[in-house]
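1. coords below, sequence missing:
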């Protein structure tokens, strides 16, 4: 028979063990199987998917059917976003104010960009329903949106940008049209995140700078990480103090193309294109695709 005092002590120990275990971060579900050269015929998912690859024209972005989104400069040098139907020549104003290059969602229904409504205001991430010309998303976010990419299912935007009034950069996701914000990572320096979505829309691979040059501008070292957009958890894949692991692009859900650069404070050195082959633990595999919000 266990005494009351001993029983209470055992109960406390059990509770303490459970509490500590629940506070521990989950282990990395990813395993790097190999790092190799890219093989002939391997093409990044974004490059092979309509609307996900950047437009060759800085001011005109092709959309569905005969539609294009374009940036039009007015007499006051403000950049407005318009939709033009190339089959009829009809031009439809979409967004007023100074706007960045528009991005079509993969399903062709939405356009996203950053809009500066005045010179005194920060740029605001904006999403518009093209058919109704309705602004669906105009969130209050304490960061600019210098780079943005749509998820393959058009349900979420991944955005990287400078935190306002602070020397930091943030990587975050925003669901459309709900506007739910999730922060994936924050850098304590002003350095760009380079990132891409996995084909199944669950994961984001990103380059995370760890050291900048003597001017504090360009990374001389950067690691490769992956984030789970369903939970916000992130894990390292490749960590090094000698390489800049840059421009990650998923080829499949288990392979990532990376531009590997060795540079110092004065010039670029060796540069090579590698492919990282990955294995995902079974428990994570059972989670399946990222649920659409």
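-> Ah, there it is. Only a predicted model underlies this, so the values are computations on that prediction, with no experimental measurement involved.

2. what's across from the residue nearest to residue 271 when sequence neighbours are not counted in the sheet?
-> Of all residues not flanking residue 271 in the chain, residue 261 sits nearest, at 4.9 Å (C-beta to C-beta, 6 or more residues apart in numbering). For every residue, glycine as well, the C-beta is placed using N, CA and C. Beta-bridge partners for residue 261, by DSSP bridges, are residue 244, residue 271.

3. Is it correct that residue 261 is in contact with residue 242?
-> No: checked against C-beta atoms under 8 Å, the pair residue 261 and residue 242 is beyond contact range at 10.2 Å.

4. Looking at the two, which has the bigger crowd around it?
-> Applying other C-beta atoms under 10 Å to residue 261 and residue 242 shows that residue 261 carries more neighbours, namely 19 against 11.

5. Distance check, that one against residue 222.
-> 9 Å (C-beta to C-beta, to the nearest Å).

6. Give the residues shared as contacts by those two.
-> 243-244, 246 (C-beta atoms under 8 Å, 6 or more residues apart in numbering).

7. out of these, who has the most neighbours?
-> The shared contacts of residue 261 and residue 222, ranked by neighbours (other C-beta under 10 Å): first place residue 244, 26 neighbours.

8. so who does that residue touch?
-> 207, 209, 219-222, 260-263.

9. need the helices for the stretch 1-150 of the chain, in chain order.
-> 4-23 (DSSP state H, counting those that start in this stretch).

10. before we move on, the earlier item: now, among the shared contacts of residue 261 and residue 222, which is nearest to residue 60?
-> The shortest approach to residue 60 among these belongs to residue 246, at 27.4 Å (C-beta to C-beta).

11. got a list of what the closest one touches?
-> So residue 246 contacts 194, 207, 219, 222, 258-261 (C-beta under 8 Å, 6+ apart).

12. neighbour-wise, which of those residues leads?
-> The most crowded member of the contacts of residue 246 is residue 222, carrying 27 neighbours; neighbours defined as other C-beta under 10 Å.

13. mind checking the SS state of the residue lying closest to residue 153 once chain neighbours are set aside?
-> Spatial nearest neighbour of residue 153, chain neighbours left out: residue 201 (5.1 Å); criterion: C-beta to C-beta, 6+ apart. Here residue 201 is recorded as coil under DSSP: H, G, I helix; E, B strand; the rest coil.

14. low-scoring stretches of this structure, by residue?
-> By pLDDT under 70, the weakly predicted segments of the chain are 1-25, 58, 117-122, 138-146, 164-167, 189-190, 216-217, 263-270, 282-293.

15. Could you verify my assumption that residue 161 touches residue 174?
-> No: the criterion here is C-beta under 8 Å, and residue 161 misses it with residue 174 at 11.5 Å.

16. if I look at the residue lying closest to residue 66 once chain neighbours are set aside, how far off is residue 104?
-> Nearest in space to residue 66, with sequence neighbours left out and distances taken as C-beta to C-beta, 6+ apart, is residue 87 at 4.0 Å. Using C-beta to C-beta, residue 87 is found at 17 Å from residue 104.

17. Between these two, point out the one with more neighbours.
-> Between residue 87 and residue 104, counted using other C-beta under 10 Å, the more crowded position is residue 104 (24 against 9).

18. Which residue, other than its chain neighbours, is closest to the more buried one?
-> Using C-beta to C-beta, 6+ apart, the nearest residue to residue 104 is residue 51, at 4.4 Å.

19. Same check on residue 199?
-> Closest residue in space to residue 199, ignoring its immediate chain neighbours: residue 45 at 4.6 Å, by C-beta to C-beta, 6+ apart.

20. before we move on, what about residue 63?
-> residue 104 (4.9 Å).

21. So what sits opposite the one you found in the bridge?
-> According to DSSP bridges, beta-bridge pairing links residue 104 with residue 111.

22. And residue 30, by the same measure?
-> residue 280.

23. didn't the residue nearest to residue 104 look like it was pressed against residue 150?
-> Yes: if you go by C-beta under 8 Å, residue 51 and residue 150 touch, sitting 7.2 Å apart.

24. I appreciate the help and will end here.
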